[in-house]
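S.K.: sequence first, then the predicted structure:
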Amino acid sequence: MRTGTSARIRLSAARSLFPLFVLCLALCLAACTKKEEGLPLSIAYPAAGAIINTQVGLVLERKDFLKQHGFSGSVAAMGTGKELKVALVSGKADVILTSETNFPVLLGEGFDALAINSLGSAGRIGLLVKNEKYKNLSDLKGKSIAAIFGTSTHQPAVEWAREAGGAETVNMASIAAMQAALESGNIDAIVSWDPYLTSSLKQKSARVLKESTFELISVASGKYAKENPGAIERVNSMLKDALLFVATHREEVNAQFSAISQLEVPVIHEASMKNSNYANATAPDISISPGFVRKLTEMGTFLFDAKIVRQKPEVESRIWKP
């Protein structure tokens, strides 16, 4: 009798523990599945923006770097810096590959953004003219200079207009619009950037009066960084690998870029050589230097004074530190 009673008690206990066992098993399976799928990550890059960003974006989109670094998600090309910023603040993108000015713009508009690296130089930025009578910057006094306000072309346009003795700066929507306006003569000069700058000079369709450089920056959503501890380190490791792939598989990547941009491969390569990570084809350095932080701070002041942003950006506190 005692034996039967003990058996019934053990059976009853087992039955009562069975739902708990099922729950634990389900949780374990879910955890394993999540680990196998990877951490969700959405990246956006410019289809017609700074050259190295586009090359790295193409590699991330077409190769399996996300999976290799424990991520699952998507990589998408977007047309303009404005679209990239909207994607980040709306949650459609967790990380954007963009050019320097877009970061202080995001901060100046009060958005929770975090600069996580710089992929290096974006090449040249320059003041292009078509008319042969414009031989010096002073020849543009009283003339028009087009730029895309709120981007890396804006501040140089204002500075060069001032240096010319007083030129009008005109806001335009895209590089295509600026090139068409320069070609038609509706605009006297435009601020262009690589690889489009190199392309114009190669075709001898324009001349450069002034030249400068600008830098790339990768920006993460502050919310994404907080909710996923350790994710930014993995993102940076992945971007290093993708950048190294670009540098060591130039012909493949530049052919893909050429197909979507209608730019010739030699033009893409020449413009990319301005980036030391591309030129050296060694372990990439994507750190954000103190000098770059100072430059970003100065940009933030310019954007605030020009009433492009609502508040003066606090840059230094929004630089990611390992």
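M.R.: Yep, that arrived.

S.K.: okay, now the sheet partners of the host helix or strand of residue 125, with direction.
M.R.: Residue 125 is located in strand 121-129, with elements delineated by DSSP states H and E. Sheet pairing of strand 121-129 (DSSP bridges) gives strand 189-193 (antiparallel), strand 207-221 (antiparallel).

S.K.: in this structure, where is pLDDT below threshold?
M.R.: 1-36 (pLDDT under 70).

S.K.: cutoff 80 now
M.R.: Scanning the chain for pLDDT under 80 picks out 1-37, 48-50.

S.K.: tell me which residue lies nearest the centroid of it.
M.R.: residue 97 (1.5 Å; CA atoms, centre = their mean).

S.K.: what about that residue, which SS state?
M.R.: strand (DSSP: H, G, I helix; E, B strand; the rest coil).

S.K.: distance from stretch 217-230 to the middle of the chain?
M.R.: Chain-centre distance of stretch 217-230: 14 Å, with CA atoms, centre = their mean, to the nearest Å.

S.K.: next one: stretch 49-64
M.R.: Per CA atoms, centre = their mean, the centroid offset for stretch 49-64 relative to its chain is 10 Å.

S.K.: what residues of it count as buried?
M.R.: Buried positions in stretch 49-64, judged by neighbour count with 16 or more other CB atoms under 10 Å: 49-61, 63. Bear in mind the C-beta positions are built from the backbone N, C-alpha and C, glycine included.

S.K.: go on, stretch 167-181?
M.R.: So for stretch 167-181, counting by 16+ other CB under 10 Å, buried means 167, 169-170, 172, 175, 178-179, 181.

S.K.: do the same with stretch 298-306
M.R.: Those buried within stretch 298-306 under the rule 16+ other CB under 10 Å are 299-300, 302-304.

S.K.: restricted to helices, list those.
M.R.: 299-300, 302-304 (DSSP state H).

S.K.: that's all I had, so thanks and see you.
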